[in-house]
Every structure is written in structure tokens, then in C-alpha cells.
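Trainee: Got a predicted structure plus its sequence, pasted below:
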Amino acid sequence: MQVTATEAKNRFGYVCSRAKSEPVFVEKDGRVDSVILSIEEFQAMKGAVPVKSMAQRRAEFNEKYKDWIDAQNAHHETHGLWCDGMVAWPGAV
């Protein structure tokens, strides 16, 4: 079902009851702006995408880019940082 934002506002109860059987697309300025879903559909969608903690994301990143990180660390161990001895403003030190 597709309704305008004005229709959704004026017939909110009806739109909510229709959302229990199908998604309701709300159109604003001639294009779809929002979708109204039943709580069951929303929870199914939310459960389909696992939420990862920052620690999990960091561990995955470190595992995926382990070789690159090791290469960068080895380069810095050998050559140092490119900015050694540089200061932000002349005369600051």
C-alpha cells in the first residue's frame, strides 16, 4: 500500500491496521519517504542483522588487515615515522 503523508496523518489508525498485513509506503513530495511496518516485521528485520560490539568489529578489522598492519609496523620499526623531529609551528620547541 502507498499513501501520501497527509493521508497517513489523517487516517493513521487505518494505516496502522493495514501495516499489520503489508508494508505501507508513505510518500512525501512525490517520492517514498518512510515505511510503516508491523512490529513483527520490524523485529524480524532487526533480528536478521546481528549487532556487533566495537570490540568484535575491532577484532575483525585487525584479523582482516593483519598483514597490512604488520607491514606498516615493520616499516616504522625500520625507518621511524616520517614526521620525527617535525613540530606543528616553527619556534614552538
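Mentor: Good, I have the coordinates.
Trainee: number of nearby residues for K64?
Mentor: K64 has 10 neighbouring residues, counting by other C-beta atoms under 10 Å. From N, CA and C alone the C-beta is placed, and that goes for glycine too.
Trainee: ah, wrong one, I meant E41
Mentor: Look at E41: counted by other C-beta under 10 Å, it has 15 neighbours.
Trainee: quick one: secondary structure of it?
Mentor: Here E41 is recorded as helix under DSSP: H, G, I helix; E, B strand; the rest coil.
Trainee: Look up the closest residue to it, ignoring the ones flanking it.
Mentor: Residue nearest to E41 in three dimensions, not counting chain neighbours: P23, with 7.1 Å by C-beta to C-beta, 6 or more residues apart in numbering.
Trainee: Does the one you found touch L37 like I think?
Mentor: Yes: taking C-beta atoms under 8 Å as the definition, P23 is a contact partner of L37 at 5.5 Å.
Trainee: can you map out the helices along this structure?
Mentor: In the chain, helices defined by DSSP state H lie at 5-10, 12-19, 39-48, 54-64, 66-79, listed in chain order.
Trainee: out of these, which comes closest to D29?
Mentor: helix 5-10 (8.6 Å; C-beta to C-beta).
Trainee: Now do the closest one, average pLDDT.
Mentor: Helix 5-10 comes out with an average pLDDT of 96.
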